[in-house]
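1. Provide a 3D model corresponding to the input given below.
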Amino acid sequence: MTSPLRNPTPALHDRAMDNLRFIRDTMERAGSFTAVPGWGQVAIGVTAFAAAWLAARQPTPLAWLVVWLAEGLLALAIGAATLARKARVVNSSLLTGPGRRFGLSFLPPMVVGGLLTFALYFAGAQRLIPPTWLLLYGTGIITGGAFSVRIVPVMGMAFLALGTGALFAPQSFGDWFLAAGFGGLHVVFGMIIARRHGG
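-> Purely as a prediction, here's the structure:
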């Protein structure tokens, strides 16, 4: 005959495991995404300075756009590589919890920025491309930064301020604003993130 005390043990163990899973999931949902790569941001800033210098010397709007699109692809590669590396170092997942929410919040403004780039170019409104990039990038940083460390949304607000200035500035200032944003802000905030949040 089985003792009545032996039956509750598996149920108690299952309940404890369910509670541990709930606690882990709750902590993951409440946590912040700390794998933002500070040194990667610095590297992106340096390449953006080079792109601004090169783009300003292009003879046609199409050549100018090609330089900045190439810079965007380079920045994406640098960002993805350094993001994955830092996520491994800090043992943070990019596909679950705060990392996933960061990505899902950051991505829509970037897609909209890409679509508007081509719409503005073919409409002959190239003057609006730099402020559009700065404003939508800032928006993506702020929305994604809601799941990250505090300095990230602050960086997004700085991009919004710069994009607002670019919106009302003469077209000839476009590369200066892009250099200040994608170059200067990335370098400054990237160094802060690297020093305060581990690389």
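2. Just want the most central residue of this protein.
-> Most central in the chain under CA atoms, centre = their mean is Ile141, positioned 5.2 Å from the mean C-alpha point.
3. Distance check, that residue against Ser105.
-> Distance, Ile141 to Ser105, using CB to CB, to the nearest Å: 10 Å. C-beta here means a position set from N, CA and C on the backbone, and glycine is covered the same way.
4. Now for the residue nearest to the centre of the chain: which residues touch it?
-> By CB atoms under 8 Å, 6 or more residues apart in numbering, Ile141 lies in contact with Phe106, Val152, Pro153, Met155, Gly156, Phe159.
5. Once you drop chain neighbours, what's closest to the fourth one?
-> Think Met155. The shortest distance from Met155 to any non-neighbouring residue, by CB to CB, 6 or more residues apart in numbering, is to Phe189 (4.2 Å).
6. Report the secondary structure state of that neighbour.
-> Under DSSP: H, G, I helix; E, B strand; the rest coil, Phe189 falls in the helix class.
7. so how far is Arg150 from Ile141?
-> Counting by CB to CB, the gap from Ile141 to Arg150 is 12 Å.
8. related to what we said a few turns ago, which among the contacts of Ile141 gets closest to Gln41?
-> Closest to Gln41 out of the contacts of Ile141 is Met155 (8.4 Å), distances taken as CB to CB.
9. how many other residues sit next to the residue lying closest to Arg101 once chain neighbours are set aside?
-> Distances taken as CB to CB, 6+ apart put Phe147 closest to Arg101, at 4.5 Å, once the chain neighbours are dropped. Phe147: 22 surrounding residues under other CB atoms under 10 Å.
10. which stretch of helix or strand covers the residue nearest to the centre of the chain?
-> helix 129-145 (DSSP states H and E).
11. List the buried residues of the following helix or strand past that helix.
-> Note on helix 129-145: by DSSP H and E, the next helix or strand toward the C-terminus is helix 151-167. For helix 151-167, the neighbour count (16 or more other CB atoms under 10 Å) marks Ile151, Val152, Pro153, Met155, Gly156, Ala158, Phe159, Leu160, Leu162, Gly163, Ala166 as buried.
12. got the contact list for Phe159?
-> Neighbour list for Phe159: Leu134, Leu135, Tyr137, Gly138, Ile141, Gly181, Leu185 [criterion: CB under 8 Å, 6+ apart].
13. Dump those residues to a markdown table, plus pLDDT.
-> Below are these laid out as a markdown table (pLDDT from 0 to 100):
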| residue | pLDDT |
| --- | --- |
| Leu134 | 97 |
| Leu135 | 97 |
| Tyr137 | 94 |
| Gly138 | 94 |
| Ile141 | 90 |
| Gly181 | 96 |
| Leu185 | 96 |
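14. Pull the most distant pair out of those.
-> Leu135 and Leu185 (13.2 Å).
15. low pLDDT regions in this protein?
-> Within the chain, the ranges that satisfy pLDDT under 70 run 1-13, 16-35, 90, 92-98.
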